[in-house]
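sequence below, structure please.
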Amino acid sequence: MQQDCVLTMRGIGKQFPGVRALHNVDFTLRKGEIHALMGENGAGKSTLIKVLTGVYPMDTGKIQVEGQDVRIHSPQDALSCGISTVYQEITLCPNLTVAENMYIGREDSAWIKSRDYEKRAEVILNNLGIPARSRQQLASCSLAVQQMVAIARAVDMKCKVLILDEPTSSLDDKEVNMLFNLMRDLRSQGVGIIFVTHFLEQVYEVCDRITVLRNGELVGEYLIEDLPQVQLVARMMGKDLDELNSLSEFESQKAVEGEILYEAEDLSSNMSRPFSFHIRQGEVNGFTGLLGSGRSESVRAIFGADKVTGGRVKVNGKPVKITKPYDAMKNGIGYLAEDRKRDGIIAELSVRENIMLALQVMNGFFKPINRSESEAFAEEYIKALNIKTAGKETPVGSLSGGNQQKVILARWLLTHPNYLILDEPTRGIDIGTKLEIQKLVLKLAEDGVSVTFISSEVEEMLRTCSRLIVMRDGRQVGELTGQDLNQAQVMKTIAGGGTENG
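Got it, this is the predicted structure:
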């Protein structure tokens, strides 16, 4: 009912240059509920939260707190309305005590000056069941307890709306349970909690309702019991299950029976949980799952792009040590990163210079490749990949996204890799270039190159891969081949077998 609403957002719109981030989005939070805000990358979750907390001004719409219109132009306005946010990255001061962190910035209060704040902090910590002492240095607390201290600070500031933005991403199972117990306690006290997470199982463990966004628009609001996990995945991905079940699926790629080229056992990094994986010579396989499932973190561990913390690796049956990208390159592994602008191109350098980077690294910078040779290589791959550029000396930053992607592909092909990892190679490029890249992947496999292919578009992976490793919550939860390579089965596996609540 309306009188039970602590927060209503109606018709929220937000535009950035060339991008409509939010369009006519509604969101309702009731007193004493935990409400999951769900959506894939680019769905608009972060923008909606930033509008609510005054980081971004909204272009259209209105916000009400407990039925009263409010204007939120800054984070301070949000706090004065009773809206507090606890972010994934701890924003407290580890060198201060727990109590000092809870009351920093409020030194004008008389009880702060009299140091009674330590006693007050102790009472709040005890009432909320937080395992910390007021005089304890925050740095000595676990990440979970630090999160809880940030929540305690928000509670003491009389928050009505508590936003938890990916609070569990760095916590272990025991710490997650501690946090969930605190969330349930706050819910019983009437606090409305917005829970932003990528972990589907956690949503069904602790939440009452779910709001789903996609492409900046509202898909719907659902009671948790009315939306099984498989249906949630379908709505996030923009697919209708009945439609999916009736689709004629792409013809699956035939399973490859070649020798195992790369094999990892219990491989882990500072960003990924332990996993085991192999790929055969000439095989195209892929990691699939929702954003945050661990698919990109897994391939970064294979390439040594993140700090490798454990596991055993074999290449062509021989044990090898791959702890950094150079090790991977020396073992015939290439890697096209998910974010081409951050981890791929160097925009100021020319097309030729970008193409030559990986080969030059492998040769060593004290053995520079001469200009005539590099020009010949660049011309060869510009022609072979049909890279549309005014010339080989054109700054790569001036090319279209699809042609930038081809330049990075040329960089790795020039090293003649045995194993090529492509993370979102077709994101943000036109359909014609997408098809070119897909055909190139299949041609490479025919020539004996092993390829791991990651795409947010399941149809694309079904066209390209003969085996899919399904990821959820940082773990491998399934492997699909043959007749199981279809969209409905992918979504059911992501959701946990298609059971009512996973």
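
low-scoring stretches of this protein, by residue?
Counting by pLDDT under 70, the ranges of the chain that qualify are 1-3, 41-42, 88-90, 105-115, 169-170, 239-255, 428-432, 497-502.

and it, what are its domain boundaries?
2-227, 257-332+419-433+445-502, 338-416 (automatic domain parsing).

closest one to Ala234 among these?
Distance to Ala234, taken as CB to CB, is lowest for domain 257-332+419-433+445-502 among the domains of the chain, at 5.9 Å. Just so you know, the C-beta spots here come from the backbone N, C-alpha and C atoms, and that holds for glycine as well.

centre of the chain versus the closest one, how much separation?
Distance of domain 257-332+419-433+445-502 from the chain centroid (CA atoms, centre = their mean, to the nearest Å) equals 15 Å.

stretch 325-344 now?
The answer for stretch 325-344 is 19 Å, by CA atoms, centre = their mean.

show me what counts as buried in that stretch.
Neighbour counts over stretch 325-344 (16 or more other CB atoms under 10 Å) mark 325, 327-329, 331-338, 340, 344 as buried.

now do the SS call for Arg184.
Of the three states, Arg184 takes helix under DSSP: H, G, I helix; E, B strand; the rest coil.

got a list of what the closest residue to it other than its chain neighbours touches?
Using CB to CB, 6 or more residues apart in numbering and skipping the chain neighbours, the partner closest in space to Arg184 is Val206 (7.0 Å). Residues near Val206 by CB atoms under 8 Å, 6 or more residues apart in numbering: Ile34, Phe180, Met183, Arg184, Phe195.

and the gap between Val206 and Leu435?
43 Å (CB to CB, to the nearest Å).

separation between the most centrally placed residue in the chain and Phe199?
Nearest residue to the geometric centre of the chain (CA atoms, centre = their mean): Gly292, 3.7 Å. Gly292 sits 7 Å away from Phe199, going by CB to CB.

now do Lys119
Lys119 is 37 Å from Phe199, by CB to CB.

what kind of secondary structure is Leu291 in?
Leu291 - assigned by three-state DSSP - is coil.

convert stretch 224-243 to PDB, retaining C-alpha atoms only.
The C-alpha coordinates for stretch 224-243 follow below in PDB (Å, rounded to 0.1, in the frame of the first residue of the first chain):
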ATOM      1  CA  ILE A 224      10.400 -13.100  -4.800                       C
ATOM      2  CA  GLU A 225       8.000 -16.100  -4.800                       C
ATOM      3  CA  ASP A 226       6.500 -15.100  -8.100                       C
ATOM      4  CA  LEU A 227       9.700 -15.000 -10.100                       C
ATOM      5  CA  PRO A 228      11.800 -18.200 -10.200                       C
ATOM      6  CA  GLN A 229      15.500 -17.800 -10.900                       C
ATOM      7  CA  VAL A 230      15.100 -19.000 -14.500                       C
ATOM      8  CA  GLN A 231      12.400 -16.400 -15.100                       C
ATOM      9  CA  LEU A 232      14.700 -13.700 -13.600                       C
ATOM     10  CA  VAL A 233      17.500 -14.600 -15.900                       C
ATOM     11  CA  ALA A 234      15.100 -14.500 -18.900                       C
ATOM     12  CA  ARG A 235      13.900 -11.000 -18.000                       C
ATOM     13  CA  MET A 236      17.400  -9.700 -17.400                       C
ATOM     14  CA  MET A 237      18.500 -11.100 -20.800                       C
ATOM     15  CA  GLY A 238      15.400  -9.900 -22.600                       C
ATOM     16  CA  LYS A 239      14.200 -13.400 -23.600                       C
ATOM     17  CA  ASP A 240      10.800 -15.000 -23.200                       C
ATOM     18  CA  LEU A 241      11.000 -18.600 -22.100                       C
ATOM     19  CA  ASP A 242       8.100 -19.800 -24.200                       C
ATOM     20  CA  GLU A 243       9.600 -18.100 -27.200                       C
END
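
quick check, Phe195 in a helix?
No - assessed with three-state DSSP, Phe195 is strand; it does not lie in a helix.

still on that earlier bit, and the domains of the chain as JSON lines, adding distance to Ala234?
Shown next, in JSON lines, are the domains of the chain (distance: least, CB to CB, whole Å):
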{"stretch": "domain 2-227", "distance to Ala234": "10"}
{"stretch": "domain 257-332+419-433+445-502", "distance to Ala234": "6"}
{"stretch": "domain 338-416", "distance to Ala234": "24"}
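
which residue is the nearest non-sequential neighbour of the residue nearest to the centre of the chain?
His198 (2.8 Å).

these two touch, right, that neighbour and Leu290?
Yes - judged on CB atoms under 8 Å, His198 makes contact with Leu290 at a distance of 6.4 Å.

pick out the most distant pair among the contacts of Val206.
Top of the distance list for the contacts of Val206 (CB to CB): Arg184 and Phe195, 11.7 Å.

ok, these two, which is more surrounded?
Per other CB atoms under 10 Å, whichever of Arg184 and Phe195 has more neighbours is Phe195, with 25 against 13.

who touches the more buried one in this structure?
Ile34, His35, Ala36, Leu37, Leu164, Pro167, Met183, Val203, Val206, Cys207.

the same query, at a cut-off of 6 Å, please.
Counting by CB atoms under 6 Å, 6 or more residues apart in numbering, Phe195 touches Ile34, Ala36, Leu164, Cys207.

what about Leu440, helix or strand, and which?
helix 431-446 (DSSP states H and E).

which other helices and strands does the helix or strand following that helix contact?
Using DSSP H and E, the helix or strand that follows helix 431-446 towards the C-terminus is strand 450-454. In terms of contacts (3 or more CB pairs under 6 Å, 6 or more residues apart in numbering; DSSP states H and E), strand 450-454 is packed against strand 284-288, strand 419-423, helix 431-446.

next, give phi and psi for Gln136.
Main-chain dihedrals, Gln136, degrees, to the nearest 10: phi -70, psi 140.

then Gln202?
phi -70, psi -40.

how close does the residue lying closest to it once chain neighbours are set aside get to Gly258?
Excluding its sequence neighbours, the residue lying closest to Gln202 (CB to CB, 6+ apart) is Thr168, at 6.2 Å. According to CB to CB, Thr168 and Gly258 sit 40 Å apart.

isn't Gly334 right up against Pro417?
Yes - Gly334 is within contact range of Pro417, at 3.9 Å (criterion: CB atoms under 6 Å).

His198 and Leu290: which is more packed in?
Leu290 (25 against 22).

the more buried one and Gln281: what is the separation?
Counting by CB to CB, the gap from Leu290 to Gln281 is 30 Å.

for Leu232, same thing?
From Leu232 to Gln281 the distance is 38 Å (CB to CB).

with Glu166 instead?
Relative to Gln281, and taking CB to CB, Glu166 is found at 39 Å.

from the buried residues of stretch 325-344, which land in helices?
Pro325, Asp327, Ala328, Met329, Arg340 (DSSP state H).

between those residues, which is nearest Pro228?
When those are compared against Pro228 (criterion: CB to CB), the nearest one is Arg340, at 36.0 Å.

which residues does the closest one contact?
Arg340 neighbours (CB under 6 Å, 6+ apart): Gln404.

same deal with the one 4 residues further on?
Residues counted as contacts of Gly344 (CB under 6 Å, 6+ apart) are Ala337, Ile408.

and it, how far from Lys439?
For Gly344, the distance to Lys439 - CB to CB - is 21 Å.

go on, Tyr222?
Distance from Tyr222 to Lys439, by CB to CB: 40 Å.
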